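*Asks:* Using only what follows, build the 3D model:
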Amino acid sequence: MKGKILKCKLGVRYWENSTIDGIEDVNGDLIPGRMGDYWCPEINVQIGQIINWEMGKVADIHYKVCDDGEYELLDDRGYVIVSNDSYVPDCLSPKGEGYGDYVIMNVNEEDLIERFVDNYNETKLVNYLRDE
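*Replies:* As a prediction, the model looks like this:
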């Protein structure tokens, strides 16, 4: 089992707690990957890259999500390894302690989540999504 893409659907409560290109994103209009009331990043977990991000944008993200998240870990062929509706997995808070409620991360101009790869543990993520 080797995951490649983590698809997320995150019900963000407070969009204004983040900045995109140094601008406070008061209404969530600046964040790439927004779909309606949800932020839906698709993350290549092997390199920590948000594949549906706009190249060149930088972000300081601090979103409260609590229990309004859906997650699917896909293999390299696009098949679901594990999925669940649950609290926020630790891997989505590489910048600070998210306590299962927050997404806390920086995204650089190369679409990479800073410190994601160093903090990502596939076994821990799979077990977490299976147990929730």
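
*Asks:* Report all helices and strands that the helix ranked longest in the chain contacts.
*Replies:* The helix that spans the most residues within the chain, counting by DSSP state H, is helix 122-131. Where contact means 3 or more CB pairs under 8 Å, 6 or more residues apart in numbering; DSSP states H and E, helix 122-131 is packed against strand 69-74, strand 80-86. For the C-beta atoms, the positions are set from N, CA and C on the backbone; glycine is no exception.

*Asks:* wait, which of the ones you listed is closest to Arg34?
*Replies:* strand 69-74 (14.6 Å; CB to CB).

*Asks:* Just the residues contacting that closest one, thanks.
*Replies:* Defining contact as CB atoms under 8 Å, 6 or more residues apart in numbering, one finds that strand 69-74 is touched by 3-11, 45, 80-89, 122, 125-126, 129.

*Asks:* From Tyr71, how far out is the most centrally placed residue in the chain?
*Replies:* In the chain, the residue lying closest to the centroid (CA atoms, centre = their mean) is Leu92, at 4.9 Å. Using CB to CB, to the nearest Å, Leu92 is found at 9 Å from Tyr71.

*Asks:* Check Asp60 too.
*Replies:* For Asp60 relative to Tyr71 (CB to CB), the value is 22 Å.

*Asks:* thinking again about what came up before, tell me which of the helices and strands packed on helix 122-131 sits most buried.
*Replies:* strand 69-74 (a mean of 20; mean count of other CB atoms under 10 Å).

*Asks:* Just the angle for it relative to strand 80-86, thanks.
*Replies:* 170 degrees (axes from the mean of the first three to the mean of the last three CA atoms, to 10 degrees).

*Asks:* Return the set of buried residues in stretch 4-20.
*Replies:* Neighbour-count burial for stretch 4-20, with 16 or more other CB atoms under 10 Å as criterion, is recorded at 4-12, 15, 17-20.

*Asks:* end to end, how far does it reach?
*Replies:* 26 Å (CA to CA, to the nearest Å).

*Asks:* Helices along this protein, start to end?
*Replies:* Going by DSSP H, the chain shows helices at 116-119, 122-131.

*Asks:* Same list (the ones you listed) but as TSV, adding mean neighbour count, mean pLDDT and distance to Gly28.
*Replies:* As requested, the helices of the chain are exported to TSV (neighbours: other CB atoms under 10 Å; pLDDT from 0 to 100; distance: least, CB to CB, whole Å):
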stretch	mean neighbour count	mean pLDDT	distance to Gly28
helix 116-119	16	95	21
helix 122-131	14	93	25
